[in-house]
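Enquirer: starting from these lines, generate the structure:
(4 chains)
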There are 4 protein chains.
Amino acid sequence: MTVPAPLTGVIPPVCTPLTPDREVDVPSLVRLVDHLVAGGVDALFVLGSSSEAAFLTDAQRRTVVETVVGHVGGQLPVLAGVIDMTTPRVLDHVRAVTAAGAEAVVATAPFYTATHPAEISRHYRLLGSRSPVPVLAYDIPSAVHTKLPAEVVLELAADGVIAGLKDSSGDLAGFRTVVTGARDDARVTGFAVLTGSELLVDAALAMGADGAVPGLANVDPAGYVRLHRLCRAGDRDRARAEQERLCALFGMVRTADPHRMGTGSAALGAFKAALHLRGVIACPATADPQVPLSDDEVERVGKFLAAAGLL
Amino acid sequence: MTVPAPLTGVIPPVCTPLTPDREVDVPSLVRLVDHLVAGGVDALFVLGSSSEAAFLTDAQRRTVVETVVGHVGGQLPVLAGVIDMTTPRVLDHVRAVTAAGAEAVVATAPFYTATHPAEISRHYRLLGSRSPVPVLAYDIPSAVHTKLPAEVVLELAADGVIAGLKDSSGDLAGFRTVVTGARDDARVTGFAVLTGSELLVDAALAMGADGAVPGLANVDPAGYVRLHRLCRAGDRDRARAEQERLCALFGMVRTADPHRMGTGSAALGAFKAALHLRGVIACPATADPQVPLSDDEVERVGKFLAAAGLL
Amino acid sequence: MTVPAPLTGVIPPVCTPLTPDREVDVPSLVRLVDHLVAGGVDALFVLGSSSEAAFLTDAQRRTVVETVVGHVGGQLPVLAGVIDMTTPRVLDHVRAVTAAGAEAVVATAPFYTATHPAEISRHYRLLGSRSPVPVLAYDIPSAVHTKLPAEVVLELAADGVIAGLKDSSGDLAGFRTVVTGARDDARVTGFAVLTGSELLVDAALAMGADGAVPGLANVDPAGYVRLHRLCRAGDRDRARAEQERLCALFGMVRTADPHRMGTGSAALGAFKAALHLRGVIACPATADPQVPLSDDEVERVGKFLAAAGLL
Amino acid sequence: MTVPAPLTGVIPPVCTPLTPDREVDVPSLVRLVDHLVAGGVDALFVLGSSSEAAFLTDAQRRTVVETVVGHVGGQLPVLAGVIDMTTPRVLDHVRAVTAAGAEAVVATAPFYTATHPAEISRHYRLLGSRSPVPVLAYDIPSAVHTKLPAEVVLELAADGVIAGLKDSSGDLAGFRTVVTGARDDARVTGFAVLTGSELLVDAALAMGADGAVPGLANVDPAGYVRLHRLCRAGDRDRARAEQERLCALFGMVRTADPHRMGTGSAALGAFKAALHLRGVIACPATADPQVPLSDDEVERVGKFLAAAGLL
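Expert: The predicted structure is shown next:
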């Protein structure tokens, strides 16, 4: 299937369930996809940051794309992350994920290397010219340590180089610049502006965003789908209440002791613990070298689920 | 051949010459290796940051290791970088480069993901337990956005997990803590403390460092070898003069217009322009998406070479 | 007069007009206050970042507070910034501004010194116990290089230490945590959660914020007052349109050449140029060592005013 | 007395002893000055970062300068910090400290405000043209969050605007650029390049630095004076041993629990605890809002003193 232009709605970055020995747990991945589809999501994004793409080997990445594309069988569009340091390496991932059936790719700015906006722009232009499927830009300064400037994104959109933006920067003012800039520029068509925030979906949609890519939608896809519908229906009060319920649920990412692990381990560990507690995946393991949650920490994740009506 | 313990002397991070269409230029790489060996260097480090490892595909990385290992034929130890985001991906590179003949691997802290010292430590312990060759830690906060804490390095050294440190942090005080800590701990044996700075080799050796891994040694290997010998001989005044000549030569990394490209493009572009001007490599191209130096900028690189007596 | 609890509505951080020789231009300051009052604002905040408090001497700060307090004569509450590095120095400013009539003080986290959350908390507790007027916390990481953690703010609010938060962090997700946390905690009463963003006032109010402190309200107070009223009335579509008009107007802060001056000079220079073009202040000078806007840049500021219907 | 040009040798940034109720403890300050003079230091730097200048009120700063200048009575040059956010406020401090007898002033780049190199340069030019005594530049990015670019420093030196640099950046490569650049430029005369590092004094002097301004010299002035003499005498081995003894002693700054206080509180608390244990000052209190060391932590500071032969 082809990706709609623009892409809209709720598009979870699909977690990657692992076995206790850290291989892709294919049956759990299939169950997770079913759980997301049953929740009513609009598309699936595999190999994103919440998917632990940074931790998966190339072979594991291929398994993930093939499994998900094969299982959804064209019911929903499947986007795939192509997370790597620079253009030549990203292009190898573009080849691999499109061979495995991905219908769009999602690429960050270059990282590891010191980058200039002119190089970010060149990076996307090279990807755009060589990718057989649409390219979305992924703005995630916490990971790549550069912010995609709004003017670079808008120029790439106007030139038809990129088909959308996933903004995980936390900078809603910059996001708004892209939303209104894309809307007001006649050269920009079919461009999707998507927030990666779990906590500001109502605000982003009120500004004119096309959709959301929240990691927490793994745990509660139906909640985010409901939130999206309430926002579209203009029912702001119930939308705000639903968003606040999801904000409270997101508190699970802070259950782990920050003196013992990084914020990544804490958040991904909590999402996977929640999926395990909800019976979706067989094992809550996260990839190496992440530190696992303790039993106490998992128990507190369970309390967040219970408080949100999910257990 | 096995890597000496500790590794000492001048160990250039070997640039990766590219053809105009951005493939590895094998004949130029061979000539560059000959140029370095003729300069008197003690070992070779391929697939480091100055080698543009972040830009090379897996196939290109393999070509580089095979070419260099094959060409030196055991005359010198060959270390290879295994630069990737996390443990599972780095382990794939360990397998690849050791299959291609690398005699030690050099690994950074995890990046892209938010990392905690406990996870950095786990990362190296997993690498150490699974690598068939010695593992050196590579401290490069400008690229990975975490600093390897001296106490983590010393603990890993004491436990025999790592065989050395390449410090490209610019933090000479932290470097000194590792030098003296390693020297004064009886559990640490054969551990190499290497500076990655072009500009502070004399100071690092005076503190007790074992060697240096300066990117600029591609351009002037004989200069760094001479500097190393003067330092070892205790001839501080001539060592300082040689170091200052090399500091002046290093000014070439600032020839490019900082409003037009990043500092990485500027530095790697200058090194390759210099190697091209010196007749060592056939083409000064850097990998995508880096911005190339202009003709004017290349001309200014030539002036740095002339001033240092290298043209 | 006493400050309402909570403080609500539009509270501009009042610019400090200067004479060509960089003294406080008292007649222009009085005219600016009249312009803001005529625009319908709810309170005035002097000696904030947009007021160039960081550039004003103690004598100039005193002149500003005395002038504004004297001129408004109790019509509106006057809050004053007490921006300095640490508790003892801030307490000196608290004494000075309250002696001059300020009815509340606004204090940042400590800066210059390396700060820990425990020290931030101590700082506000010491200020709270010694200030004769309410203390508001001012979260401005771009200036002080620490973020006020939401949990520290909520704990200080629950203990009655602070009477409000001015959030200039750009982190709307963290802001939301404070808004809902303060609302849901019975111990918190009369606490004002105010956004310092020019660009997200509608979103902040929709989340439950009490008001806004936008620097751009100097230029267009009536616009922000209208925006606030539309938001309170639940007229989301017209609120969004008004907010977008103000976002476009805010583009004036990017007229200056970023290779020639910092973003602070560019923004404050644009605000003052706009106030000068609108006939409110006599001279657009900014304090030393800021670089002034060029004639061309001022002309472009005028185009922003014209486009927003303000000339 | 006038400040020598260039200033050379060991110039401790003098701690500011406080009473239990956080007033300047004048008798202890006098004893500390005697302790430093007896140790053989070459000049005194009051109101620096290690002096807690950021925490002292204007009245306390005046007390400090008057006390020290009055007590040394011209035996040694007294430099004073003029630490504040921007040019107008710094100029007020210049007036105050020179009225109190300071013979040179030491000024950082602007902070709190977003700064551009052109503004840093303007800042020093304005200070230089209005200060009655020589101005030294103070490079301390950890506090002010900008690095003084070497080319700006050298240009200011060549134009006679500044009389020296105190470099607390930790960037010894940048420091070297200033050392050699100043030496090789005939327009630069009498310019002092001083390191602010406790840990790299031998390396800095070997590069050609004029002197050092180490905070730890409060605790062991004789050690730093001995180190300086050994370096000047070219006795590199004994210099290195002395430097390593001082590096070990500096470990005291890490005795405090980093989960309980910031690195500033930990370091200044340790210096003052050491001065108290050595009998120099009456009370180890640090200024608000810093967290004090626990009894256990003080005991561990004592062990560092004992190990260094100072108890």
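
Enquirer: tell me the contacts of A:Val280?
Expert: By C-beta atoms under 8 Å, 6 or more residues apart in numbering or on different chains, the contact set of A:Val280 is A:28, A:31-32, A:35. In short, each C-beta sits where N, CA and C put it, glycine included.

Enquirer: let's see 7 Å
Expert: A:Val280 makes contact with A:31-32, A:35, according to C-beta atoms under 7 Å, 6 or more residues apart in numbering or on different chains.

Enquirer: same list (those) but as TSV, adding distance to chain C, neighbour count and pLDDT.
Expert: Compiled in TSV, the contacts of A:Val280 are given as follows (distance: C-beta to the nearest C-beta, whole Å; neighbours: other C-beta atoms under 10 Å in any protein chain shown; pLDDT from 0 to 100):
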residue	distance to chain C	neighbour count	pLDDT
A:Arg31	30	18	98
A:Leu32	25	24	98
A:His35	25	20	98
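
Enquirer: of those residues, closest to chain B?
Expert: The closest of the contacts of A:Val280 to chain B turns out to be A:Leu32 (C-beta to the nearest C-beta; 20.0 Å).

Enquirer: are we agreed that A:Leu199 is in a helix?
Expert: No. Per DSSP: H, G, I helix; E, B strand; the rest coil, A:Leu199 lies outside any helix segment and is coil.

Enquirer: just checking, it touches C:Arg176?
Expert: Yes. If you go by C-beta atoms under 7 Å, A:Leu199 and C:Arg176 touch, sitting 6.1 Å apart.

Enquirer: of the contacts of A:Val280, which belong to helices?
Expert: Counted as lying in helices by DSSP state H, out of these, are A:31-32, A:35.

Enquirer: export the contacts of A:Val280 to a markdown table and tack on distance to C:Leu277?
Expert: Converted to a markdown table, the contacts of A:Val280 look like this (distance: C-beta to C-beta, whole Å):
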| residue | distance to C:Leu277 |
| --- | --- |
| A:Arg31 | 63 |
| A:Leu32 | 58 |
| A:His35 | 58 |
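
Enquirer: low-scoring pLDDT stretches of the stretch 1-150 of chain A, where are they?
Expert: Residue ranges of the stretch 1-150 of chain A with pLDDT under 70: A:1.

Enquirer: residue boundaries of the strands in it?
Expert: A:9-10, A:44-46, A:78-81, A:104-108, A:135-139 (DSSP state E, counting those that start in this stretch).

Enquirer: what's in contact with the first one?
Expert: By C-beta under 7 Å, 6+ apart, the residues outside strand A:9-10 that reach it are A:41-42, A:211-212, A:217, A:224-225, A:228.

Enquirer: go on, the fourth one?
Expert: Judged by C-beta under 7 Å, 6+ apart, the contacts made with strand A:104-108 from elsewhere in the structure are A:3, A:45, A:48, A:77, A:79-83, A:90, A:94, A:97, A:127, A:131, A:133-138, A:140, A:143-144, A:163, A:166.

Enquirer: kindly report the same for the last one.
Expert: Contacts with strand A:135-139, where a contact means C-beta under 7 Å, 6+ apart, come from A:79, A:104-108, A:124, A:127-128, A:147-148, A:153, A:156, A:162-169.

Enquirer: and the next helix or strand past the helix or strand hosting A:Gln243?
Expert: Assigned by DSSP states H and E, A:Gln243 falls within helix A:236-250. The helix or strand immediately downstream of helix A:236-250 is helix A:263-277, counting by DSSP H and E.

Enquirer: does chain C have contacts with that following helix?
Expert: No. On the criterion C-beta under 7 Å from any C-beta of the partner chain, helix A:263-277 is out of touch with chain C, staying 13.3 Å away.

Enquirer: what about that helix, near chain B?
Expert: Yes. Legend: contact between helix A:263-277 and chain B by C-beta under 7 Å from any C-beta is shown at A:263-265.
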